[in-house]
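> Sequence and predicted model, in that order:
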Amino acid sequence: MTIAELAKQGKFVITAEVGPPKGVDITEMLENAELMRGKVDAINITDQQSSVMRLGSLPVCRLLIERDLEPVFQMTCRDRNRIALQSDLLGAYTLGVKNVLCLTGDFIALGDHPQAKAVFDLDSVSLLRAAKELEQGKDLAGNELAGTPNFCLGAVVTPGADPLEPQLIKLEKKVKAGAQFIQTQAVYEPEKFETFMKAVAHLNVPILAGIIPLRSAGMARFMNANVAGVHVPDNLVEEMEKAEKRMQKGVEIAARLIKDMKSMCQGVHIMAIGMEKRVPQVIEAAGL
Amino acid sequence: MIISESKPFPEILKSLEGDQRIFIVGCKGCAEACQTGGEAQVLEMVKQLQQEGKIVVGHSVLDFLCDKALVKFKLKPHEDAIVSADSLLIMTCGIGVQATAAVVDKVTHPGCNVVNVGGSRGEWRGDERCLECGDCLLDYTGGICPMTACTKSLINGPCGGTKDGKCEFEPETRDCGWHLIYERLKKLGNLDRMKVTLDPKDYSKMRPPENLRSTIMWALERKEKEASAK
Ligand code: SF4
Ligand code: SF4
């Protein structure tokens, strides 16, 4: 079932993230996906995350479908123009992929091919719109399609952005353009998240709170300094610092955050970034 | 104004490999202003090439090497030297190189790189301002161009990389264009403009319009050919 369908049924939706490998050895990636079986509702497959060239999201989505796992096809506007993006959307549908997460994408210079030509022909809003047009039987240029696809379209937002207003304005545009679910950047402050949720209540769209389990106090500090809109408060950094078993502590904090925010939102999106084994632990500890 | 930079000398030398007799062309326009292809740089290049054992059969610094008709006329007195040369070294922008190539049947080596200034125009220095997108959006963005101010040329609001008013790319030096636009619109009490969803940009408008295209060199040449064929 798609994320939107699950949310409609009132299910608290759980998604997690798996990154394709750099290369063609998919063993570990499939093992990671396997860890999520029966525990999450859908698995996001990242699209050249951080502008680092890897195996594509779409073929991996198909591999999951063949294994009876529900994928979320992440699509960025960085590497493809509108022709390729629309074509891949058609491709996704024909391969059985329904959930599509539409993103802008990181800038090229941050990845491992800084020499590449950045595309950004469309932005996340117009990518959503393109997908919506396809669903109505037309492409972006207004040409008729033979057969119409159907998607469950998603978008992202950064609840911790400061100022928040520009993000909210863009989120509103995304929902208007057709976003049916929202996955957020990582949140560590439930009170602030509550304020955010109140500010977007009128949009009437399921929101999955982003969770990144901490690995260490150093990681928390790094994210605070470098990742836009992510803020790990001092008390959590301290908790990590003092912890004897840091990994366990990270899981414990993630679970606590989920418990605190569960009543505010419609689901969680767990990004373990290379530590996928912790996803089931977090879910269990959160009592989901 | 076209901004050019001299190619590193070893790269120039490499491109001249196998050529013994060289004719050098400079330009008193932009290349002189950029100190890449004025009289002084051309004379310096003559010396450097001679030190490397090349024979400089002649040189000329023209007024505007981008004016093809003028190039033909001005190079006429140097015809013998040019005919005797193995190749030409053109110390100007790419247009000068192409204009020379269009009138001289010799290999023309570029001595400069044209630097992308991403829309730096006019006398307002220090920043890129306009990419000539053909469909101006400044009305929606508080008079700040999203095509140039935003690293990704996003037109519907900031990406997730904006942090403390800076862009995710080169945050030490680069402001987030969308942060600037937001602050400006807020100050003007005009944030509703930002709420308008803009259509995907029509990049075909970034090609020169038909009537302008007819004045560019290639179109002129085509017309000349068409006329003479009749
Ligand atoms: S929106 Fe287009 S025309 Fe207007 S300033 Fe920017 S690039 Fe130039
Ligand atoms: S951080 Fe701002 S300027 Fe940089 S790409 Fe994103 S929206 Fe554009």
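Yep, it's here. Residues are numbered from 1 along each chain as shown, chains lettered A, B, ... in the order given. Ligands and ions are numbered 1, 2, ... in the order given.
> Next one: the residue lying closest to A:Leu64 once chain neighbours are set aside relative to A:Pro59, how far apart?
The shortest distance from A:Leu64 to any non-neighbouring residue, by C-beta to C-beta, 6 or more residues apart in numbering or on different chains, is to A:Pro71 (4.3 Å). (Glycine included, C-beta is placed from N, CA and C.) According to C-beta to C-beta, to the nearest Å, A:Pro71 stands 11 Å off from A:Pro59.
> quick one: which of the two has more around it?
A:Pro71 (27 against 13; other C-beta atoms under 10 Å in any protein chain shown).
> which ones are touching that one?
A:42-45, A:60-61, A:64-65, A:97, A:99 (C-beta atoms under 8 Å, 6 or more residues apart in numbering or on different chains).
> Apply 10 Å and report the result again.
The neighbours of A:Pro71, taking C-beta atoms under 10 Å, 6 or more residues apart in numbering or on different chains as the test, are A:18, A:33, A:42-45, A:57-58, A:60-65, A:92, A:95-100.
> Show the buried residues in the residues you listed.
Those of the contacts of A:Pro71 that meet the buried threshold are A:18, A:33, A:42-45, A:57-58, A:60-64, A:92, A:97-100, by 16 or more other C-beta atoms under 10 Å in any protein chain shown.
> SS state for the residue of chain B most remote from its centre?
Taking C-alpha atoms, centre = their mean as the measure, the residue most remote from the mean C-alpha position of chain B is B:Gly189, 38.4 Å away. Here B:Gly189 is recorded as coil under DSSP: H, G, I helix; E, B strand; the rest coil.
> how close does it get to B:Gly142?
Per C-beta to C-beta, B:Gly189 is found 11 Å from B:Gly142.
> what about the nearest residue to B:Lys205 once chain neighbours are set aside, which SS state?
Nearest residue to B:Lys205, sequence neighbours excluded (C-beta to C-beta, 6+ apart): B:Gly134, at 2.9 Å. Here B:Gly134 takes the coil state, with states given by three-state DSSP.
> quick one, phi/psi of B:Gly134?
Note on B:Gly134: backbone dihedrals following degrees, to the nearest 10 are phi 80, psi 0.
> next one: B:Lys205
phi -70, psi -10.
> Looking at it now. What's its pLDDT?
pLDDT recorded at B:Lys205 is 83.
> quick one, what contacts it?
B:Lys205 neighbours (C-beta under 10 Å, 6+ apart): B:132-135.
> check contacts around residue 141.
I went with chain A, as the question did not name one. A:Ala141 neighbours (C-beta under 10 Å, 6+ apart): A:82-83, A:86, A:133, B:200.
> Chain B was what I was after
Applying C-beta under 10 Å, 6+ apart, the residues near B:Thr141 are B:147, B:149-150, B:155, B:177-178, B:180-182, B:184-185, B:190, B:193-194, B:198.
> Let's see which of the residues you listed end up in helices.
Among these, the ones falling in helices (DSSP state H) are B:147, B:149, B:177-178, B:180-182, B:184-185.
> ok, and the most crowded of those residues?
Of all the ones in helices among the contacts of B:Thr141, the most densely surrounded is B:Trp178 (29 neighbours; neighbours counted as other C-beta under 10 Å).
> Touching, it and B:Pro146? I think so.
Yes: contact criterion C-beta atoms under 10 Å: B:Trp178 and B:Pro146 qualify, at 7.2 Å.
> Now do the shared contacts for those two.
Common neighbours of B:Trp178 and B:Pro146 (C-beta under 10 Å, 6+ apart) are B:152, B:154-158.
> I'd like to know which of the residues you listed are buried.
B:152, B:154-158.
> For ligand 2, tell me which of those residues show up nearby.
B:152, B:154, B:158 (C-beta under 6 Å from any ligand atom).
> thinking again about what came up before, the buried ones among the shared contacts of B:Trp178 and B:Pro146: which ones sit near chain A?
Among those, proximity to chain A is found for B:152, B:154-158 (C-beta under 10 Å from any C-beta of the partner chain).
> okay, the residues you listed in CSV with distance to A:Gly142 and pLDDT next?
Below are those laid out as CSV (distance: C-beta to C-beta, whole Å; pLDDT from 0 to 100):
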residue, distance to A:Gly142, pLDDT
B:Lys152, 26, 96
B:Leu154, 23, 97
B:Ile155, 20, 97
B:Asn156, 20, 97
B:Gly157, 25, 97
B:Pro158, 29, 97
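> Nearest to ligand 1 among these?
Distances from ligand 1 to those, taken as C-beta to the nearest ligand atom, are shortest for B:Ile155 (8.4 Å).
> Give me the common contacts of A:Pro71 and A:Pro59.
A:45, A:95.
> still on that earlier bit, distance of the residue nearest to A:Leu64 relative to ligand 2?
27 Å (C-beta to the nearest ligand atom, to the nearest Å).
> How much space separates that residue from chain B?
22 Å (C-beta to the nearest C-beta, to the nearest Å).
> Any chance of the backbone angles for that residue?
According to degrees, to the nearest 10, A:Pro71 has phi -90, psi 160.
> ok, what's across the strand from it?
In this structure, A:Pro71 bridges to A:Ile43 when assessed by DSSP bridges.
> mind checking pLDDT for B:Thr215?
Per-residue confidence (pLDDT) for B:Thr215: 59.
> sorry, that was for B:Met91
For B:Met91, the predicted pLDDT is 95.
> Would you confirm that it contacts B:Phe9?
No: B:Met91 is beyond contact range of B:Phe9, at 11.7 Å (criterion: C-beta under 10 Å).
> any idea how far B:Lys166 is from A:Val18?
Counting by C-beta to C-beta - B:Lys166 and A:Val18 are separated by 31 Å.
> Likewise for A:Ala201?
31 Å.
> Now tabulate the buried ones among the shared contacts of B:Trp178 and B:Pro146 in a markdown table and tack on distance to A:Ile182.
Output for these, formatted as a markdown table (distance: C-beta to C-beta, whole Å):
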| residue | distance to A:Ile182 |
| --- | --- |
| B:Lys152 | 21 |
| B:Leu154 | 18 |
| B:Ile155 | 21 |
| B:Asn156 | 16 |
| B:Gly157 | 15 |
| B:Pro158 | 16 |
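> How about the residues of chain B by ligand 1?
B:130-133, B:136-138, B:145, B:147-148.
> May I ask which of those residues has the most neighbours?
Ranking the residues of chain B next to ligand 1 using other C-beta under 10 Å puts B:Met147 first, with 25 neighbours.
> Do you have the strands of chain A handy? List them.
All strands of chain A, identified by DSSP state E, fall at A:13-18, A:42-45, A:71-76, A:99-103, A:152-157, A:181-186, A:207-211, A:267-270.
> Export those to JSON lines and append columns for mean pLDDT.
What follows is the strands of chain A, written out as JSON lines (pLDDT from 0 to 100):
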{"stretch": "strand A:13-18", "mean pLDDT": "97"}
{"stretch": "strand A:42-45", "mean pLDDT": "98"}
{"stretch": "strand A:71-76", "mean pLDDT": "98"}
{"stretch": "strand A:99-103", "mean pLDDT": "98"}
{"stretch": "strand A:152-157", "mean pLDDT": "98"}
{"stretch": "strand A:181-186", "mean pLDDT": "98"}
{"stretch": "strand A:207-211", "mean pLDDT": "98"}
{"stretch": "strand A:267-270", "mean pLDDT": "98"}
